[in-house]
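**Student:** Provided below are the primary sequence and the corresponding predicted coordinates.
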Amino acid sequence: ASKSLVVFWFSFDIKREQSALMKERSGPRGAQSHLTKRKNQPRATGANTRFPKNETNKTRRFFMNYESALEYIHAVQWAGHKPGLSRTRTLLAALGDPHKKLRFVHVAGTNGKGSTAAMLASCLQAAGYRVGLYTSPFINRFNERIQVNGEQIPDDALVRLVERVRPAAEAMSDVPTEFEIITALGMLWFAEEKCDIVVLEVGLGGTLDSTNVIDPPECAVITALGMDHVKELGPTIADIAAAKAGIIKPGSPVVSYGGVPEADAVIARVAKEQNAPLTVVDLSRLKVEGGDLDAVTFDFDGLDGVRLPLIGSYQPKNAALAITALRVLRGRGWNIPDSAIRTGLEQVSWPGRFELLRHSPAFLLDGSHNAHGMRATVQSLRDRFPGQKFVFLLSIMADKDVDEMLALLLPLAKRFVTVAAHTPRAMPAETLAEHIRARGGKAEAAADIPAGVARAVELGGEGPVCALGTLYFSGDVRQAFARLTAE
């Protein structure tokens with residue numbers, strides 16, 4: 001295990017991906033889709049970006065500060081383009097193929113990807129490895145997306161790598177998308193930092209996601225599957241499973257969350273076709289001992305009394321998936337004792353996922369953004385706050401199953417305050433409030449997120465408040481709540 005190992009997460013079905021990648025998708029600066037195009041886009045010219053007159057487009061050097069580097073990364077048009085891995089391969093080749101120096105664990109799924117990735121990274125770091133982590137979207141700062149041993153890529157390093165990537169990208173006839181640029185940045189940083197293992201989450205799908213340029217990984221991990229991104233991945237759970245199974249490569253072991261027979265059959269078929277040993281997590285060996293607002297305690301397969309600080313009721317199942325994957329890695333020669341697994345799980349941090357920002361009165365921040373995830377969140381709310389009603393601060397993307405999500409929340413709702421996250425995909429706050437009122441709920445729209453946070457706290461009084469519906473507003477909610485409680 002002397003070479004580097006990279007844990008990658010991603011998912012896609014080829015035909016569905018080709019359709020998805022041809023469509024426009026948008027998001028806020030911190031959560032923009034990678035299904036974007038740079039062609040014919042005016043070059044970003046941040047305050048400190050200078051273009052020497054004696055240099056051509058292909059040879060010019062770029063001098064940036066942090067803001068102009070981010071401006072370049074995000075300077076994209078929301079226009080369709082031909083899907084595929086060719087742009088990523090071309091870009092990485094021009095940069096010396098940094099990913100070829102690394103080894104990988106690749107993780108796909110509908111829900112639980114980020115949490116499981118954080119657990120894997122924490123445990124591998126506790127085992128003594130140098131661990132990279134690549135995730136999306138970020139909550140507070142862009143640099144969160146690229147981490148090594150829990151430390152975000154420094155601003156100066158990000159600027160330096162953007163200055164290296166930019167001329168290579170702009171020399172391409174088929175220019176890369178935003179997500180492809182970010183993937184290249186991550187690969188460069190992880191190789192430069194000589195990571196032993198990088199946990200990398202896919203952007204969307206799998207087969208044609210830019211992270212799928214890697215060689216067969218040490219392990220592919222597929223988290224819980226549910227109905228999400230149906231326009232891109234397909235209308236059935238089998239379609240979605242086929243998309244996620246795109247990460248399975250010849251001879252590379254697969255660990256699957258399981259629990260959905262139709263999806264499980266697809267994953268088993270693809271694993272057999274690829275001669276990839278498949279392990280499905282045995283959740284019958286999981287026993288949850290209890291949980292409170294600080295930790296949830298569980299036993300799994302010989303690891304007893306683990307206190308997991310991620311307090312969602314669903315998190316022990318994600319932990320069981322991570323434990324199973326880590327033991328598969330152990331079988332391949334990685335030195336990961338159970339003591340490191342315990343330490344890693346008990347020290348893991350993953351913001352914005354059933355995160356308690358204040359104990360009393362309780363203020364929760366959760367990133368559940370589809371019906372499958374919302375169902376798990378609702379169960380967690382029932383478990384942690386039995387018999388209580390909530391003021392919900394809610395933002396939902398207009399392309400989600402809003403009605404099903406509301407049906408899950410209404411029985412627990414005292415009142416709703418609606419806001420619109422900073423993305424064109426967000427349903428307008430008043431439209432969302434109208435949906436709620438039409439179903440018998442009490443709702444009011446707020447002008448912006450800080451106003452929504454203040455109003456939800458006011459309405460909550462001494463009772464619990466929960467902000468949820470999308471990761472895209474997590475950073476704004478956190479900042480607004482911090483300012484409000486500091487006053």
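**Tutor:** Here it is on my side, so go on. Numbers count the residues shown, from 1 in each chain.
**Student:** any idea how far residue 254 is from residue 281?
**Tutor:** Note on residue 281: its distance to residue 254, by Cβ to Cβ, to the nearest Å, is 11 Å. The way it works is simple: take the backbone N, C-alpha and C, and place the C-beta from them, glycine included.
**Student:** look at those two and report which has more neighbours.
**Tutor:** Remark: of residue 281 and residue 254, residue 254 carries more neighbours, 27 against 24, as counted by other Cβ atoms under 10 Å.
**Student:** can you give me phi and psi for the more buried one?
**Tutor:** phi -120, psi 140 (degrees, to the nearest 10).
**Student:** kindly report the same for residue 393.
**Tutor:** phi -100, psi 120.
**Student:** do the same with residue 445
**Tutor:** Residue 445 adopts backbone torsions of phi -90, psi 140, taken as degrees, to the nearest 10.
**Student:** who's in contact with the closest residue to it other than its chain neighbours?
**Tutor:** Excluding the flanking residues, the one nearest residue 445 by Cβ to Cβ, 6 or more residues apart in numbering is residue 429, at 3.8 Å. Contacts for residue 429 were tallied using Cβ atoms under 8 Å, 6 or more residues apart in numbering; they are 395, 418, 419, 420, 445, 446, 447, 452.
**Student:** repeat that for residue 159.
**Tutor:** 64, 65, 66, 69.
**Student:** from residue 95, how far out is it?
**Tutor:** When residue 159 is compared with residue 95 (using Cβ to Cβ), they lie 16 Å apart.
**Student:** ok, residue 288 next?
**Tutor:** Applying Cβ to Cβ to residue 288 and residue 95 gives a distance of 46 Å.
**Student:** among the two, which residue is more densely surrounded?
**Tutor:** residue 95 (19 against 16).
**Student:** spatially nearest residue to residue 402 (excluding sequence neighbours)?
**Tutor:** Residue 402 sits nearest to residue 396 (Cβ to Cβ, 6+ apart), 5.3 Å away.
**Student:** quick one, grab the pLDDT at that neighbour.
**Tutor:** At residue 396, the model reports a pLDDT of 96.
**Student:** quick check: which ranges of this protein have low pLDDT?
**Tutor:** 1-62, 76-81, 228-233 (pLDDT under 70).
**Student:** return the set of buried residues in the one helix or strand residue 342 maps to.
**Tutor:** Element membership of residue 342 [criterion: DSSP states H and E] is helix 338-347. By neighbour count with 16 or more other Cβ atoms under 10 Å, helix 338-347 contains the buried residues 340, 341, 342, 343, 344, 345, 346.
**Student:** how far is that helix from where the chain is centred?
**Tutor:** From the chain centre to the centre of helix 338-347 is a distance of 22 Å (Cα atoms, centre = their mean, to the nearest Å).
**Student:** direction included, what does the helix or strand following that helix pair against?
**Tutor:** Sequence order places strand 355-358 as the next helix or strand after helix 338-347, per DSSP H and E. Strand 355-358 has the following sheet partners, assigned by DSSP bridges: strand 363-365 (antiparallel).
**Student:** what's next to the partner strand, contact-wise?
**Tutor:** Against strand 363-365 from outside (Cβ under 8 Å, 6+ apart): 351-352, 354-357, 381, 457, 460, 464-468, 474, 477-478, 481.
**Student:** just the buried ones from those, in PyMOL syntax?
**Tutor:** Buried members of the contacts of strand 363-365, defined by 16+ other Cβ under 10 Å, are picked up in PyMOL with:
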select buried, resi 351+352+354+355+357+381+457+460+464+465+466+467+468+474+477+478+481
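**Student:** quick revisit: export the buried residues of helix 338-347 to JSON lines and tack on distance to residue 223?
**Tutor:** Below are those laid out as JSON lines (distance: Cβ to Cβ, whole Å):
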{"residue": "340", "distance to residue 223": "21"}
{"residue": "341", "distance to residue 223": "18"}
{"residue": "342", "distance to residue 223": "21"}
{"residue": "343", "distance to residue 223": "22"}
{"residue": "344", "distance to residue 223": "17"}
{"residue": "345", "distance to residue 223": "16"}
{"residue": "346", "distance to residue 223": "21"}
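**Student:** the helices in the stretch 101-250 of the chain, which residues?
**Tutor:** Ranges of helices in the stretch 101-250 of the chain, per DSSP state H, counting those that start in this stretch, are 113-126, 155-170, 178-192, 230-233, 237-244.
**Student:** got it, and the stretch 351-487 of the chain?
**Tutor:** Using DSSP H, counting those that start in this stretch, the helices of the stretch 351-487 of the chain run over residues 371-384, 402-409, 429-438, 449-460, 474-486.
**Student:** tell me which of those lies nearest to residue 258.
**Tutor:** helix 371-384 (14.6 Å; Cβ to Cβ).
**Student:** identify each buried residue in the closest one, please.
**Tutor:** 371, 372, 373, 374, 375, 376, 377, 378, 380, 381, 383, 384.
**Student:** swap in stretch 269-280?
**Tutor:** 270, 271, 274, 276, 278, 279, 280.
**Student:** can you name the residues that contact the nearest residue to residue 362 once chain neighbours are set aside?
**Tutor:** Excluding the flanking residues, the one nearest residue 362 by Cβ to Cβ, 6+ apart is residue 464, at 4.0 Å. Contact partners of residue 464, counting by Cβ under 8 Å, 6+ apart, are 361, 362, 363, 364, 385, 388, 390, 391.
**Student:** kindly report the same for residue 301.
**Tutor:** Here residue 301 is in contact with 282, 285, 286, 320, 323, 324 (Cβ under 8 Å, 6+ apart).
**Student:** recalculate using a threshold of 6 Å.
**Tutor:** residue 285 (Cβ atoms under 6 Å, 6 or more residues apart in numbering).
**Student:** now do the one 10 residues further on
**Tutor:** Contact criterion Cβ under 6 Å, 6+ apart gives 296, 354 as the residues in contact with residue 311.
**Student:** is it in a helix, a strand, or coil?
**Tutor:** Assigned with DSSP: H, G, I helix; E, B strand; the rest coil, residue 311 falls in the coil class.
**Student:** what's the distance between the spatially most central residue of the chain and residue 419?
**Tutor:** Residue closest to the mean C-alpha point of the chain, counted by Cα atoms, centre = their mean, is residue 136 at 4.1 Å. Using Cβ to Cβ, we find residue 136 at a distance of 22 Å from residue 419.
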